[in-house]
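*Asks:* here is my input, please return the structure:
(2 chains)
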Amino acid sequence: MSAATGYSFAYLDEQTKRMIRRAILKAIAVPGYQVPFASREMPMPYGWGTGGVQVTASIIGPDDVLKVIDQGSDDTTNAVSIRKFFARTAGVATTTKTREATVIQTRHRIPEAKLGEHQILVYQVPIPEPLRFLEPRETETRRLHALADYGLMHVKLYEDIARHGHIATTYAYPAEVAGRYVMDPSPIPKFDNPKMDMCEALQLFGAGREKRIYAVPPCTRVRSLDFEDHPFTVQSFREPCALCAATGVYLDEVVLDDRGGRMFVCSDTDFCEERRADGHRGHLLGEAPAAIAGEAGDA
Amino acid sequence: MRETNRVRAMPDAPLLSAESLTKFYGPRLGCADVSFDLHEGEVLAVVGESGSGKSTLLSLLSTELAPSRGAVRYRMRDGSVRDLNALTEAERRFLLRTDWGFVRQDAREGLRMGVSAGANVGERLMAVGDRHYGRIRATALDWLGRVEIEAARIDDTPQSFSGGMRQRLQIARNLVTRPRLVFMDEPTSGLDVSVQARLLDLIRGLVAELGLAVVIVTHDLAVARLLSHRIMVMRQGRVIETGLTDQVLDDPREAYTQLLVSSVLAA
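*Replies:* Below is the predicted model:
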């Protein structure tokens, strides 16, 4: 019981947390398998991370340090409100620094900094079923998973190549976990797919509306599906980050004016701030609006 | 030509044998006591009016339905004879998309209408593990050519195809893994006469060329005559007459078969 609020620690009651922990344990035992769980109503609408929040609430302890990101950013509405929610209901310390966090809840990105074995990454998942748009029947998709019948997934990739000349799926790119189940890695850009492979941190995926939890245990093989003659590749960017000059990271495009002016900046705000604090300077750092450049902008 | 085919492709053991297949839907009878052997390269037509149990029989043979009584045995590619209802789900699915084909009456059921013709043909290849785009596409192109669909249509969805083209695409999709046995459920009905004739011609050519065994369900005796070696006439769930196609159609023994033959040929 958290004295300040009258709520159970981290909002959910202990029975619910136990149920979710059981689902999580099963998910870890069968990597990539979608474990059904009795998802609860949360004080937020579906689509705002109810699955991720329930997973986080079930695993977080008083000593944990929580970081929440939305599209790589620590200061968007979704991230801020979830962080506040746990600061209030669990009284845990929160941070925006990837390195300091022990639990990171994320929507649509994996942090650029390499994660370690002391960390857990919790994904918010809208649609956990990678085969959903190819096969609408849940009974059938379950059977396809059970039989490892994934030819259909390649039909989708085939269609991409036939239409666009390359695999045009750029986010929620299907990946095979531990040589068995194919999973939807949630709508992260495919740029982040390689980070899941042999990642030292535990990765948990929670889908609240769809009532599914799945997991990638630490140091597990995650292979993005592809064709022999059209191998998996990640997005590449022509210019470095305009604020911190980082290359080889995922960049967001920011429109600056109505005359076609635009800049590319790190989508991972913490990573970008850290680099700027270390003295890295992008070509637009001086003139970029302070709101984008953050506290390092006035340097 | 038909005679030489039959002699060429018939080893001793049957490819498929049905033993007193019976299916009840609750108290109602689907079909009763159907037994027959089908050899490699042999085409068997099942004819009868609607409600005679033809489609039930086809579903039983293709393991879509489990029989109330009786068994279906199949000689697998490795030579072992298996009871189809004892197969695991994985084995059954593998059989369905490698060694078997199923051409449906309504092409929309047999095709993926939302994906391109090339992907429709390539799906079975990908399902059995082919992961080379160029090779899959080349094979798809080859098969589209064989069923007389222009190469330029490979990236169009079957939605934009005519009924005859859809049916031909369905055939290509089924034959791409070189099956030994193909089930056909009224493959030509609903097509106009000239399209029907071309399709029959195509099927006949492919069956002869690939040495396919076929079980074809049809109510159209002309189709049965054109394609099949043997014929089975069904009525009220039972086989009432069976024999060589020409023989049965030219000289029907049962009163019902006589009625069937006379009513169709009169048209």
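
*Asks:* show me what residue of the stretch 101-250 of chain A gets nearest to chain B.
*Replies:* In the stretch 101-250 of chain A, the residue that lies nearest chain B is residue A:151 (2.9 Å; CB to the nearest CB). In this view, the C-beta of every residue, glycine as well, is placed from N, C-alpha and C.

*Asks:* remind me which residues of the stretch 151-267 of chain B are low pLDDT?
*Replies:* In the predicted model, the stretch 151-267 of chain B carries pLDDT under 70 at residues B:264-267.

*Asks:* and chain A, by the same measure?
*Replies:* Using pLDDT under 70, chain A drops low at A:1-5, A:287-299.

*Asks:* which positions in it make contact with chain B?
*Replies:* Listed as neighbours of chain B in chain A under the rule CB under 8 Å from any CB of the partner chain: A:143, A:147, A:149, A:151-152, A:154-156, A:158-159, A:161-163, A:226-230.

*Asks:* any buried residues in stretch A:189-200, and which?
*Replies:* A:189, A:190, A:191, A:192, A:193, A:194, A:195, A:196, A:199 (16 or more other CB atoms under 10 Å in any protein chain shown).

*Asks:* run through the bridge partners of the spatially closest residue to the fifth one that is not a sequence neighbour.
*Replies:* Counting by CB to CB, 6 or more residues apart in numbering or on different chains, residue A:224 is the residue found nearest to residue A:193 once chain neighbours are left out, at 4.7 Å. Taking DSSP bridges as the rule, residue A:224 bridges to residue A:175.

*Asks:* secondary structure element holding the residue of the stretch 151-267 of chain B found nearest chain A?
*Replies:* Across the stretch 151-267 of chain B, the shortest distance to chain A (CB to the nearest CB) belongs to residue B:155, at 5.1 Å. Counting by DSSP states H and E, no helix or strand carries residue B:155.

*Asks:* just to revisit the earlier point, got the contact list for the residue nearest to residue A:193?
*Replies:* A:173, A:174, A:175, A:176, A:190, A:193, A:194, A:232 (CB atoms under 8 Å, 6 or more residues apart in numbering or on different chains).

*Asks:* quick one: secondary structure of the residue located most distally from the centre of chain A?
*Replies:* Within chain A, residue A:259 marks the point farthest from the mean C-alpha position, 33.5 Å out by CA atoms, centre = their mean. For residue A:259, the secondary structure call by DSSP: H, G, I helix; E, B strand; the rest coil comes out as coil.

*Asks:* so how far is chain B from it?
*Replies:* Distance, residue A:259 to chain B, by CB to the nearest CB, to the nearest Å: 38 Å.

*Asks:* that residue and residue B:262: what is the separation?
*Replies:* Per CB to CB, to the nearest Å, residue A:259 is found 83 Å from residue B:262.

*Asks:* any idea what sits nearest residue A:130, other than its immediate chain neighbours?
*Replies:* Residue A:130 sits nearest to residue A:184 (CB to CB, 6+ apart), 4.1 Å away.

*Asks:* for burial, what's the neighbour tally of the closest residue to chain A within the stretch 51-200 of chain B?
*Replies:* Taking CB to the nearest CB, chain A has its nearest neighbour within the stretch 51-200 of chain B at residue B:127, 2.9 Å off. Residue B:127 has 20 neighbours, counted by other CB atoms under 10 Å in any protein chain shown.

*Asks:* got the phi and psi for it?
*Replies:* phi -70, psi -30 (degrees, to the nearest 10).

*Asks:* ok, now which ones touch it?
*Replies:* A:149, A:151, A:152, B:97.

*Asks:* regarding chain B, what is its longest helix?
*Replies:* helix B:193-210 (DSSP state H).

*Asks:* in that one, what counts as buried?
*Replies:* Within helix B:193-210, the residues scored as buried using 16+ other CB under 10 Å are B:195, B:196, B:199, B:200, B:202, B:203, B:206, B:207, B:208.

*Asks:* just stretch A:249-267 next, same as before
*Replies:* A:249, A:250, A:251, A:252, A:254, A:263, A:264, A:265, A:266, A:267.

*Asks:* so who does the first one touch?
*Replies:* Contacts of residue A:249 were listed using CB under 8 Å, 6+ apart, and they are A:112, A:241, A:266, A:267, A:268, A:271.

*Asks:* how many neighbours does the first one have?
*Replies:* Okay, so that is residue A:112. Residue A:112, neighbours per other CB under 10 Å, totals 21.

*Asks:* quick one: residue B:14 and residue B:41 touch, right?
*Replies:* No - when contacts are counted by CB atoms under 8 Å, residue B:14 is not listed as touching residue B:41 (11.6 Å).

*Asks:* for the two, indicate the residue with more neighbours.
*Replies:* residue B:41 (22 against 19).

*Asks:* and the more buried one, which of the three is it?
*Replies:* Under three-state DSSP, residue B:41 comes out as coil.

*Asks:* now swap in residue A:144 and tell me
*Replies:* helix.

*Asks:* nearest spatial neighbour of it, chain-adjacent residues omitted?
*Replies:* In space, residue A:144 is closest to residue A:131, 6.0 Å off (CB to CB, 6+ apart).

*Asks:* distance of that neighbour from residue A:215?
*Replies:* Applying CB to CB to residue A:131 and residue A:215 gives a distance of 19 Å.

*Asks:* those two: which has the busier surroundings?
*Replies:* The residue with more neighbours, out of residue A:131 and residue A:215, is residue A:215; 28 against 22, by other CB under 10 Å.

*Asks:* just confirm that one is within a strand.
*Replies:* Yes - membership of residue A:215 in a strand is supported by three-state DSSP.

*Asks:* thought it was touching residue A:206?
*Replies:* No - using CB under 8 Å, residue A:215 is not in contact with residue A:206, being 9.7 Å away.
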